[in-house]
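[1] Below: sequence and its predicted model.
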Amino acid sequence: MVNSLTQDIFLHVSTPDKEQERIIAAIDIGTNSIHMVVVRIDPKLPAFTIIGKEKDTVRLGNCNPRTGELTPEAMNRAIATLQRCKEMAASLNAENIVAVATSAVREAPNGQAFLHQVYTELGLLVNLISGQEEARRIYLGVLSAMEFNNQPHIIIDIGGGSTELILGDRHNPRSLSSTKIGAVRLTKEFVTTDPISQSEFLYLQAYVRGMLERAVDDIQGNLKLSEQPRLVGTSGTIETLAKMHAYENLGMLPNPLTGYELSREDLETMLKRLAAMSLAERSTLPEMSERRSEIIVAGAIILLEAMKLLGMESIIICGQSLREGLIVDWMLTHGLIEDRLRYQDEVRERSVLAVAGKYQVNLDYSQRVANFALSLFDQTQGKLHNWGTQARELLWAAAILHNCGVYISHSAHHKHSYYLIRNAELLGFLEPEIEIIANLARYHRKSAPKKKHENYNNLANQEHRLLVSQLSALLRLAIALDRRHIGAIRHVKSDYRSDDKALHLDLVPAFANDDCALELWNLDYKKSVFEEEFGVKVVASLASKTSLAAY
């Protein structure tokens, strides 16, 4: 059973008191490790303080070499760690846990099955995020810890399965990339010798350079000629290298580590020494855990090759990354941040409109449909449904993109819309939210949602299925209101009468002499799904000429 600690729900949620302190936990299920931070948020600043941490190296990325699936042993380790995280969050009075999974779960054929197992056994809803979305949230985490002073910064985050590169200047990120090279992935696939042989070392260097070239080109293409960016590094690999360097050169560890600088020359010297050591020798080094010693050579190669390609002579360490970015993102979506970081809504809107542009959606038409859908949503809220602001935003996105499948073919375009949206990597949205948007678009015409449909069963839980069933039915009415794609209906007023269970729609025409016969016919034709879903009768009529003055 899912409790209020584990997830945000789409049903009516009371608006939080913006003066009240909040305690939130964020979990990052990575390829190498599972990390959690628990923070106390002071909305008056707004800022957060970390009050608890948990970490375990579970190596989800050690997949079955034949099938690529997550192994039962790794999944069991992960579930045990997540159980401890959940207990710790509860002991610190966290009201909510925001959890995401990244590269290993994203790529494994049984990744979704693993997340379902976590939900079933722990009641913990884990959101699978794309590589670009992971990069965006890393950017938010770094922004929360460092002042950019309007200077461009390149951020590198080396994970177990992927490396993210981001370019930003405290405003919206200019470049977001995720490349499938990580310390665990490269070690598993390319390192068979101990110490690493010269041939394997050179091959790894060349492979990493080739994989990073596209991301680096995109960053350089988004820099102005006069700009001199700084390089910021996050993640366990980079922090370990920085700690080793500090221990050897200062005899102590800086506290905090954020702001510590490591030169490319020193990194190159460290890498040569690490590569010459055996695994047993590396594991005895200060600040080097046994698990980290297994993958540190591959991780250091990624960092050094990235610095060479970017032409960077040094890197500054930042102790905050994806987990803290999850907290910032939660604060943004809950209206607790009102300063320079407040661009969450813009990120979502721009991302949806970019996808619409990519697939040549008629924006004038889709905006009219979206306006009708939101109007009907607002007018029936509390009468026919109790969905809140989050659901309303997903409905808007689906209304804008419902026809994008026409880009492939008009025949069965609702099904094409599902796949295009599902694979569009919409920024700012969680994976379950993208699944909802795609399903809403899928059911804007033809068949209503059915349990036998695979895409409908992909939805995270029963609540999400109910949301899709109800809002896709509402979307059908909105689409029917612009049957001729000319904006014949100016707006619609709804009146739900509980005595006869009827929803009366009063349509206000845009043109005085237009009888809107086609729109009325189309509403009558499309309303059956809505009527069945809500158990009401839909009665539509054109506003009389005498009443038009009232609108």
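    Structure's in. What do you need?
[2] I figured Ala370 hits Trp396, correct?
    Yes - counting by CB atoms under 8 Å, Ala370 does reach Trp396; the two are 5.2 Å apart. In this view, the C-beta of every residue, glycine as well, is placed from N, C-alpha and C.
[3] Show me the strands in the stretch 401-550 of the chain, by range?
    489-497, 502-509, 537-542 (DSSP state E, counting those that start in this stretch).
[4] could these be laid out in a markdown table, adding mean neighbour count and distance to Asn93?
    Putting the strands of the stretch 401-550 of the chain into a markdown table (neighbours: other CB atoms under 10 Å; distance: least, CB to CB, whole Å) gives the following:
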| stretch | mean neighbour count | distance to Asn93 |
| --- | --- | --- |
| strand 489-497 | 17 | 41 |
| strand 502-509 | 18 | 43 |
| strand 537-542 | 17 | 47 |
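[5] Make TSV from those strands and add distance to Ile156 and mean pLDDT to it.
    Formatted as TSV, the strands of the stretch 401-550 of the chain follow (distance: least, CB to CB, whole Å; pLDDT from 0 to 100):
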stretch	distance to Ile156	mean pLDDT
strand 489-497	50	91
strand 502-509	54	92
strand 537-542	55	91
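[6] want to try CSV for the ones you listed, with distance to Gly221 as columns?
    Below are the strands of the stretch 401-550 of the chain laid out as CSV (distance: least, CB to CB, whole Å):
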stretch, distance to Gly221
strand 489-497, 44
strand 502-509, 49
strand 537-542, 52
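[7] quick one: which of those is nearest Leu250?
    strand 489-497 (67.7 Å; CB to CB).
[8] Run the angle between that closest one and strand 537-542 for me.
    Strand 489-497 runs at 140 degrees relative to strand 537-542, counting by axes from the mean of the first three to the mean of the last three CA atoms, to 10 degrees.
[9] Which elements pack onto strand 489-497?
    The helices and strands touching strand 489-497, judged by 3 or more CB pairs under 8 Å, 6 or more residues apart in numbering; DSSP states H and E, are helix 363-380, strand 502-509.
[10] Let's have the ones you listed in TSV, adding distance to Thr240.
    Formatted as TSV, those follow (distance: least, CB to CB, whole Å):
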stretch	distance to Thr240
helix 363-380	48
strand 502-509	61
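[11] can you pull out the strands in the stretch 51-200 of the chain?
    Counting by DSSP E, counting those that start in this stretch, the strands of the stretch 51-200 of the chain are 96-101, 126-128, 153-158, 163-168, 175-179.
[12] most tightly surrounded among those strands?
    strand 163-168 (a mean of 26; mean count of other CB atoms under 10 Å).
[13] now it: how far from the chain's centre is it?
    15 Å (CA atoms, centre = their mean, to the nearest Å).
[14] which residues touch it?
    Contacts with strand 163-168, where a contact means CB atoms under 8 Å, 6 or more residues apart in numbering, come from 131, 134-136, 138-139, 142-143, 148, 152-157, 173-179, 181-182, 212, 215-216, 219, 222-223, 229, 302, 306.
[15] Just the terminal-to-terminal distance for stretch 499-514.
    Stretch 499-514 has its terminal residues 32 Å apart, counting by CA to CA, to the nearest Å.
[16] which residues are in contact with it?
    Under CB under 8 Å, 6+ apart, the answer for stretch 499-514 is 380, 384, 477, 481, 487-497, 515-516, 519-520, 523, 534-543, 545, 547-548, 551.
[17] go on, stretch 366-383?
    So stretch 366-383 is contacted by 356, 385, 387, 392, 395-396, 399-403, 471, 474-475, 477-479, 481-482, 487, 489, 491-494, 496, 498, 503 (CB under 8 Å, 6+ apart).
[18] Inside helices: which ones of the residues you listed?
    Using DSSP state H, the subset of these located in helices is 356, 392, 395-396, 399-401, 471, 474-475, 477-479.
[19] what's the most distant pair in the residues you listed?
    Pairwise over the ones in helices among the contacts of stretch 366-383, using CB to CB, the maximum falls at Ala356 and Leu477, 21.2 Å.
[20] Give me the more crowded residue out of those two.
    A direct count of neighbours by other CB atoms under 10 Å for Ala356 and Leu477 places Leu477 higher, at 24 against 20.
[21] Isn't that one up against Phe530?
    Yes - the pair Leu477 and Phe530 qualifies as a contact (CB under 8 Å) at a distance of 5.6 Å.
[22] Near the closest residue to Pro256 other than its chain neighbours, how many residues? Count them for me, please.
    In this structure, Pro256 finds its nearest non-sequential neighbour in Gly319, 5.7 Å apart by CB to CB, 6 or more residues apart in numbering. Using other CB under 10 Å, Gly319 has 19 neighbouring residues.
[23] roughly how far apart are Gly319 and Val232?
    Distance, Gly319 to Val232, using CB to CB, to the nearest Å: 11 Å.
[24] Looking at the helices and strands packed on strand 489-497, which is nearest to Asn457?
    Here helix 363-380 is closest among the helices and strands packed on strand 489-497 (CB to CB), at 24.6 Å.
[25] Now do the closest one: distance to the chain's middle.
    Mean C-alpha position of helix 363-380 versus that of the full chain (CA atoms, centre = their mean) differs by 25 Å.
[26] Any buried residues in it, and which?
    366-377, 379-380 (16 or more other CB atoms under 10 Å).
[27] Let me have the residues you listed in TSV, extended by distance to Ser162 and pLDDT.
    As requested, those are exported to TSV (distance: CB to CB, whole Å; pLDDT from 0 to 100):
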residue	distance to Ser162	pLDDT
Ser366	33	96
Gln367	36	95
Arg368	40	94
Val369	37	95
Ala370	34	96
Asn371	39	95
Phe372	41	95
Ala373	36	95
Leu374	37	96
Ser375	42	94
Leu376	41	95
Phe377	37	97
Gln379	45	95
Thr380	43	95
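[28] any idea which helix is longest in this protein?
    helix 198-221.
[29] helices or strands next to the lowest-mean-pLDDT helix or strand in the chain in the packing?
    Of all the helices and strands that make up the chain, helix 344-358 has the lowest average by mean pLDDT, DSSP states H and E, namely a mean of 76. Using 3+ CB pairs under 8 Å, 6+ apart, the elements in contact with helix 344-358 are helix 322-333, helix 363-380, helix 389-401.
[30] List the contacts of the residue nearest to Pro256.
    Ala145, Thr234, Glu239, Pro256, Leu257, Thr258.
[31] That one and Thr67, how far apart?
    Taking CB to CB, one finds Gly319 at 37 Å from Thr67.
[32] How about Ser91?
    38 Å.
[33] now do Leu257
    Taking CB to CB, one finds Leu257 at 39 Å from Thr67.
[34] Show me which of those two is the more surrounded one.
    Leu257 (15 against 11).
[35] So the more buried one: helix, strand or coil?
    Under DSSP: H, G, I helix; E, B strand; the rest coil, Leu257 falls in the coil class.
[36] go on, the one 5 residues further on?
    For Leu262, the assignment made with three-state DSSP gives strand.
[37] can I assume it is in contact with Ser314?
    Yes - with contact defined as CB under 8 Å, Leu262 counts as touching Ser314 (6.5 Å).
[38] More neighbours: those two, which one.
    Between Leu262 and Ser314, Leu262 has the larger neighbour count (other CB under 10 Å), namely 23 against 14.
[39] Run through the residues that contact the more buried one.
    Gly233, Leu241, Ala242, His245, Ser314, Ile315, Ile317 are the contacts of Leu262 under CB under 8 Å, 6+ apart.
[40] Quick check: beta-bridge partners of it?
    Ile315 (DSSP bridges).
[41] hang on, isn't Leu267 packed against Lys308?
    No - taking contacts as CB under 8 Å, Leu267 lies outside contact range of Lys308: 10.2 Å.
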